[in-house]
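[1] Here you go, sequence then predicted model.
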Amino acid sequence: MAALEPRLVDVDYVEVECKSALNPVKNMGFSWSLNPYTGCEHRCSFCYVRAFELRADRPSDDRYGRTVRIKTNVAAVLRSELSRRSWRKEAVVIGAATDPYQPAEGRYRLTRRCLEVLRDFSNPAAMITRGPMIVRDIDVLAGLAQRAELHITFSIPTLDDDVWRKTEPGTAHPRQRLRAIEKLVAAGIDVGVGMAPILPGLSDRPEQLEAVVKAARAAGATGLWAGMLHLKDGTREHFMSVLARHWPELLPRYEQAYRDRAYLPPSFGEKTMQTIARLRSQHRVSDRRRVILKPPPKPEQLTLLN
């Protein structure tokens, strides 16, 4: 049996100061992103940010997530930027490039401090995360939600224990994320589920898809969207190595499906998306999408370091 990557690994925290907190984003349906950290301890095998790391000449293989840059002054810089007379209170998306509730947040609390700033300025925000640690900040989130539009997306690609453990080695169990959704919803916060990426041959069986849809409904999620896996250079190499380690019989299928392309041809995922649409209707789960619920940004659309 192939050895599993350990859930917890030694991570080198590098404290840096950023010149700007808000990153301009083009062609994504939102204009500004905010990332208190660079690098992510969750180390998901399919993370699209690995492609950006490769372009930035940083490790995109097993070393990704072993170093996390901590933007120690990010909240102060954000407060300065939101104070500008030219700022138009546009929505700020947190977590488009790295999870704001990865383990480093437990120590540094930068995400919480940034949320406090957004609350103080009544600034609209959205967030995507896999981190149940978010429940620690329900007080700040509820305060922000009372002053401005706020939407949280919890990424839950699958509830399959085997697939989760092998492809998301540093994340909390999906059931913990569902419990976090319940608590956030109970506090009056708008929370949806992003079922992505769906992995062909691994997490796309109808019963696997239905398990996520039903669980999202039971947790009170206000909507659910889904998307198939895409593999750009950097992500492709690492994901294929994980596939070879744990599911070598699927390698030929993936090599054919993603040959000379990053995105799965519609014909490969069409049946899966039709199944999800049927399940949403059957279980009365909305497909309502907010600003953060767009497909993941392309690496060239993100600015990870300021």
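    Ah, there it is. Residues are numbered from 1 along each chain as shown.

[2] what about the strands in the stretch 51-200 of the chain?
    67-71, 92-94, 125-129, 150-155, 191-198 (DSSP state E, counting those that start in this stretch).

[3] other SSEs contacting the last one?
    Same thing as strand 191-198. For strand 191-198, the helices and strands in contact under the criterion 3 or more Cβ pairs under 8 Å, 6 or more residues apart in numbering; DSSP states H and E are strand 150-155, helix 174-186, helix 206-219, strand 224-228, helix 266-282. (C-beta placed from N, C-alpha, C; glycine too.)

[4] Need the winner for burial among those.
    Across these, averaging neighbours per residue (mean count of other Cβ atoms under 10 Å) puts strand 150-155 on top, at a mean of 25.

[5] In terms of pLDDT, where does the residue of the chain positioned farthest from its centre sit?
    Relative to the average C-alpha location in the chain, and by Cα atoms, centre = their mean, no residue lies farther out than Arg85, which sits at 31.4 Å. Per-residue confidence (pLDDT) for Arg85: 95.

[6] related to what we said a few turns ago, got the helices and strands packed on strand 191-198 as a markdown table, with mean pLDDT columns?
    As requested, the helices and strands packed on strand 191-198 are exported to a markdown table (pLDDT from 0 to 100):
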| stretch | mean pLDDT |
| --- | --- |
| strand 150-155 | 97 |
| helix 174-186 | 98 |
| helix 206-219 | 97 |
| strand 224-228 | 95 |
| helix 266-282 | 92 |
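
[7] Low-confidence regions, the stretch 51-200 of the chain specifically.
    52-55, 59-61 (pLDDT under 70).

[8] now do 90
    Along the stretch 51-200 of the chain, segments meeting pLDDT under 90 span 51-66, 95-97.

[9] would you list every one of the helices in it?
    Under the criterion DSSP state H, counting those that start in this stretch, helices of the stretch 51-200 of the chain are mapped to 74-82, 104-108, 110-120, 138-147, 161-167, 174-186.

[10] Distance to Ser241 for these - can I get that in a markdown table?
    Formatted as a markdown table, the helices of the stretch 51-200 of the chain follow (distance: least, Cβ to Cβ, whole Å):
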| stretch | distance to Ser241 |
| --- | --- |
| helix 74-82 | 33 |
| helix 104-108 | 25 |
| helix 110-120 | 31 |
| helix 138-147 | 37 |
| helix 161-167 | 12 |
| helix 174-186 | 23 |
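
[11] highest average neighbour count across the ones you listed?
    Taking mean count of other Cβ under 10 Å, helix 110-120 is the most buried of those, at a mean of 22.

[12] Can you say which of the strands of the stretch 51-200 of the chain is packed in most?
    Highest mean neighbour count among the strands of the stretch 51-200 of the chain (mean count of other Cβ under 10 Å): strand 92-94, with a mean of 27.

[13] Direction included, what does it pair up with?
    Strand pairing for strand 92-94, determined by DSSP bridges: strand 32-34 (parallel), strand 125-129 (parallel).

[14] do you know how far Gly220 is from Tyr258?
    When Cβ to Cβ, to the nearest Å is applied, the distance between Gly220 and Tyr258 equals 36 Å.

[15] okay, the two: which has more neighbours?
    With neighbours defined as other Cβ atoms under 10 Å, Gly220 and Tyr258 compare such that Tyr258 has more, 21 against 14.

[16] pLDDT score for the more buried one?
    92.

[17] which non-adjacent residue is nearest it?
    Excluding the flanking residues, the one nearest Tyr258 by Cβ to Cβ, 6 or more residues apart in numbering is Leu231, at 5.2 Å.

[18] That neighbour contacts Asp260, correct?
    No. Taking contact to mean Cβ atoms under 8 Å, the distance of 11.4 Å between Leu231 and Asp260 leaves them out of contact.

[19] Show me which of the two is the more surrounded one.
    Neighbours were tallied for Leu231 and for Asp260 using other Cβ under 10 Å; the higher tally belongs to Leu231 (23 against 4).

[20] thinking again about what came up before, so can I have JSON lines of the strands paired with strand 92-94 showing distance to Ile276?
    Supplementary listing: those in JSON lines, determined by distance: least, Cβ to Cβ, whole Å:
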{"stretch": "strand 32-34", "distance to Ile276": "27"}
{"stretch": "strand 125-129", "distance to Ile276": "18"}
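
[21] Distance check, the residue nearest to Met195 when sequence neighbours are not counted against Ala216.
    Ranked by Cβ to Cβ, 6+ apart and with sequence neighbours excluded, the top spatial neighbour of Met195 is Ala226, at 4.2 Å. Separation of Ala226 from Ala216 (Cβ to Cβ): 11 Å.

[22] do Trp247 as well
    26 Å.

[23] Could you find the closest non-adjacent residue to Leu118?
    Here the nearest residue to Leu118 in space, its sequence neighbours aside, is Ala125; by Cβ to Cβ, 6+ apart that works out to 5.0 Å.
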